[in-house]
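S.K.: coordinates only, sequence not included:
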C-alpha cells in the first residue's frame with residue numbers, strides 16, 4: 001500500500017492511500033477535485049508529487065497481546081449506567097482552592 005500526506009500540494013494534511021502509485025495518483029486527483037476544486041494542478045505535477053512523496057505502508061498482524069483495557073472510575077461499568085463496583089453513581093468532584 002502506498003500513502004502520502006497532502007502537506008505540500010494542497011496543505012490540508014490529508015493522508016491519502018492507494019494500492020500502488022497509479023492508484024494513489026487517482027486518489028490524489030479525486031481528493032483535489034472533491035475537496036479543493038479551486039486548485040488547478042496539471043496532472044503531470046500531481047504524478048511527480050506522488051512519485052517523490054509517496055511511501056510504502058505495511059500492516060503487520062500482532063499476536064499474543066490483549067487489547068488495552070479502559071481505566072478509571074467508569075472502567076467497571078458494563079451497561080453504561082454510571083454505576084461503579086460500589087453501586088454508587090460516579091460524578092466528578094470539583095473543589096475550590098482557598
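M.R.: Here it is on my side, so go on. Note that this is a predicted model, so its numbers are computed, not measured.

S.K.: Can you give me the neighbour number for the closest residue in space to residue 15 that isn't next to it in sequence?
M.R.: Nearest in space to residue 15, with sequence neighbours left out and distances taken as CB to CB, 6 or more residues apart in numbering, is residue 5 at 5.6 Å. C-betas here are computed from N, CA, C, even on glycine. Neighbour count for residue 5, taken as other CB atoms under 10 Å: 14.

S.K.: the strands in the protein, which residues?
M.R.: Taking DSSP state E to define them, one finds strands in the chain at 2-5, 15-18, 55-56.

S.K.: Out of these, indicate the one that is most buried.
M.R.: Highest mean neighbour count among the strands of the chain (mean count of other CB atoms under 10 Å): strand 2-5, with a mean of 18.

S.K.: on that earlier part again, could you dump the strands of the chain to CSV with mean pLDDT and distance to residue 44?
M.R.: As requested, the strands of the chain are exported to CSV (pLDDT from 0 to 100; distance: least, CB to CB, whole Å):
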stretch, mean pLDDT, distance to residue 44
strand 2-5, 92, 16
strand 15-18, 94, 18
strand 55-56, 92, 21
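
S.K.: Indicate which one of the ones you listed is closest to residue 24.
M.R.: strand 15-18 (3.1 Å; CB to CB).

S.K.: name the helices or strands packed onto that closest one?
M.R.: strand 2-5, helix 21-35 (3 or more CB pairs under 8 Å, 6 or more residues apart in numbering; DSSP states H and E).
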